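Please find the sequence and the predicted model below.
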Amino acid sequence: MAEASTHPAANPAALRAPEPPARGAADPMRPRRFRIARLRRELADTFTLELEPLDGAGMHFKPGQFNMLYVFGVGEVPISISGDPADPSVLVHTTRAVGTVTNAMNRLKAGQSIGIRGPFGTHWPAEAAHGDDVLIVAGGIGLAPLRPLIHTVLAERDRFGKVLILYGARTPEDILFTRELKAWRGRFDMSVHVTVDRATGAWNGHVGVVTRLIKMGGFDPGNTSAFVCGPEAMMRFCLTALAEKGVREERMFISMERNMKCAVGVCGHCQWGGHFVCRDGPVFRFDKVADIFRVWEL
Amino acid sequence: MVQVEGLETLLENHPFFEGFDADTLALLAGCGVNERFGPGDYVFHEGSDADKVYIVRHGTVSIEAKVPGLDRVSLQTLQEDDVLGWSSLVTPYRYTFDARAVSLLRVVSLDAACLRKKFEADHELGYLVLNRVVAMMAERLQAARLQMLDLYQPKGGQM
Ligand SMILES: Cc1cc2nc3c(=O)[nH]c(=O)nc-3n(C[C@H](O)[C@H](O)[C@H](O)COP(=O)(O)OP(=O)(O)OC[C@H]3O[C@@H](n4cnc5c(N)ncnc54)[C@H](O)[C@@H]3O)c2cc1C
Ligand code: FES
């Protein structure tokens, strides 16, 4: 993960002072304690935590927003919320264990507690896609941040045209939320296409990169809103494929990742060009960031 | 004759031949026949003489390699709107992988020797078709490179 190196002062746009917390509002720097109510193993290295607040107050959030998850005594990491926004009583996070904090989180057991700050950041603007075909393009663990959006779109299904989920995973064994993908595929009002990069033996689905699914079409490009989440390189190629199909840049939305510390636009850790990913993102409308998105080093 | 007219329409409706005029389609259809394969049937085997180009009309076909210890590995699937078997147009005219029907597969198969003869006689026709073949190969090459990047590995990307 490329870490922002330049100081925020190098870019005046990045110097916008964060809004001070409203009087009486909870301190965004102070974690709330949540209890692990359920723990689900999704894949060999990926797990879902269902969390209940110890203070009883649920958490309202919008699709695409993230929380800072604090494993006591180890550290804090940003993780997107992967649950249903219509159910604030249970907070759901799906995490892939890749390093110090996420591995420690992977070792937690049901009943143990974890600190949560949030929700933070911008959201997938489902409302901007009303009347459009909705194309949800996910790669790997990138399906997790898009799952709340899928719930939202399905809850208001009549407001959208066609709904397509295009999902790419490494192998059939790496496909996340298999049960849900099957249920969604079984519906008459949406299409789900899954592809894997490599497969052996019994797999009878698509093999190939997710961009090939975009090329297959099945949506009206001029009236499509596309929501894309996955590794940065995968998003890059998907955005190109979408543009080639005729989807407009202002109708493409992406979710970005940068290392984070404060998550409230103060420390500058997550700076990306003139943006702080924690505050101005993680969800960006592509045309607003297209110029910096094409520069690897940022 | 009825069969050939039918094939022209099938080719005309396939994106690979988009924009081709009726005369050209008739020339190409003259090399073709309709074929179908059941799920699990091999369309061709790695190393065998590449004698046909397959225009996929319906179904899914898997391009596979046999890897010791791994049974067969699927490298890519192709479906309707795709074209299979470009090796039959390029020397040494040998298929480089296995192709196995995943579902019921309906294709128009074009006899490669017949096509090559027509390309020799009519270079413009040859250019027209091979131009599309090159574009298709470029797209497959790009897809293969992306697969090689192994994007979903923890170190491969951001997520
Ligand atoms: C807004 C936002 C939302 C996110 N949502 C999710 C989510 O829903 N689920 C999820 O699993 N992750 C998500 N992430 C990524 C997650 O924050 C990181 O994986 C986590 O911070 C890694 O911390 P660590 O201490 O476990 O690893 P570290 O000890 O910091 O890193 C250890 C090793 O892992 C590699 N690494 C670090 N981060 C990643 C990464 N993201 N992917 C692959 N390799 C990495 C590093 O290169 C390093 O070699 C999100 C990130 C952001 C910014
Ligand atoms: S400014 Fe501190 S993490 Fe974004």
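Yes, it's here. Ligands and ions are numbered 1, 2, ... in the order given.

Where do the helices of the stretch 101-250 of chain A begin and end?
Along the stretch 101-250 of chain A, the segments classed as helices by DSSP state H, counting those that start in this stretch run A:143-155, A:178-185, A:210-216, A:232-245.

Buried by neighbour count: which residues of the shortest one qualify?
Meaning helix A:210-216. Using 16 or more other Cβ atoms under 10 Å in any protein chain shown as the test for burial, helix A:210-216 gives A:210, A:211, A:212, A:213, A:214, A:216. From N, CA and C alone the C-beta is placed, and that goes for glycine too.

any idea which of those residues is the one closest to residue B:87?
Set against residue B:87, the nearest of the buried residues of helix A:210-216 by Cβ to Cβ is residue A:212 (20.0 Å).

Chain neighbours aside, what residue packs nearest to the closest one?
With Cβ to Cβ, 6 or more residues apart in numbering or on different chains as the criterion, residue A:212 has its nearest non-adjacent residue at 5.9 Å, and that residue is residue B:143.

Run the chain-centre distance for the top helix by length along chain B.
Ordering each helix of chain B by length in residues (DSSP state H) puts helix B:123-149 first. Helix B:123-149 has its C-alpha centroid displaced from the chain centroid by 11 Å (Cα atoms, centre = their mean, to the nearest Å).

and the direction of it versus that of helix A:232-245, what angle?
Angle, helix B:123-149 to helix A:232-245, by axes from the mean of the first three to the mean of the last three Cα atoms, to 10 degrees: 150 degrees.

and helix B:123-149, what does it pack onto?
Packing partners of helix B:123-149 (3 or more Cβ pairs under 8 Å, 6 or more residues apart in numbering or on different chains; DSSP states H and E): helix A:210-216, helix B:22-29, strand B:72-79, helix B:112-121.

Present the ones you listed as TSV; the columns should include mean pLDDT.
Below are those laid out as TSV (pLDDT from 0 to 100):
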stretch	mean pLDDT
helix A:210-216	92
helix B:22-29	95
strand B:72-79	92
helix B:112-121	97
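
Buried deepest among those, which one?
The highest average neighbour count among the helices and strands packed on helix B:123-149, using mean count of other Cβ atoms under 10 Å in any protein chain shown, belongs to helix A:210-216 at a mean of 23.

re the thing from before, for the longest helix of chain B, buried residues please.
In helix B:123-149, counting by 16+ other Cβ under 10 Å, buried: B:125, B:126, B:128, B:129, B:130, B:132, B:140, B:143, B:146, B:147, B:149.

pretty sure the first one is in contact with residue B:116, am I right?
No - contact criterion Cβ atoms under 8 Å: residue B:125 and residue B:116 do not qualify, at 11.0 Å.

Below-threshold pLDDT in chain B: ranges please.
Scanning chain B for pLDDT under 70 picks out B:1-5, B:155-159.

so which of the helices of the stretch 101-250 of chain A gets nearest ligand 1?
Taking Cβ to the nearest ligand atom, helix A:143-155 is the member of those nearest to ligand 1, at 4.4 Å.

residue contacts, residue A:92?
Residues in contact with residue A:92 (Cβ atoms under 8 Å, 6 or more residues apart in numbering or on different chains) are A:48, A:49, A:50, A:51, A:81, A:82, A:83, A:84.

Report whether the longest helix of chain B contacts ligand 1.
No - using Cβ under 6 Å from any ligand atom, we find that helix B:123-149 stays clear of ligand 1, coming within 14.0 Å at best.

List just the nearest of the contacts of residue A:92 to ligand 2.
Comparing the contacts of residue A:92 against ligand 2 with Cβ to the nearest ligand atom places residue A:81 closest, at 17.2 Å.

Could you verify my assumption that the closest one touches residue A:120?
No - counting by Cβ under 8 Å, residue A:120 is not a contact partner of residue A:81; they are 10.0 Å apart.

list residues touching both of these two?
A:65, A:66, A:67.

What's opposite the closest residue to residue A:118 other than its chain neighbours in the beta bridge?
Excluding its sequence neighbours, the residue lying closest to residue A:118 (Cβ to Cβ, 6+ apart) is residue A:67, at 3.4 Å. On the basis of DSSP bridges, residue A:67 takes part in beta bridges with residue A:79.

Next, count neighbours for residue A:67.
The number of residues packed near residue A:67 is 28, by other Cβ atoms under 10 Å in any protein chain shown.

tell me the pLDDT at it?
Per-residue confidence (pLDDT) for residue A:67: 98.
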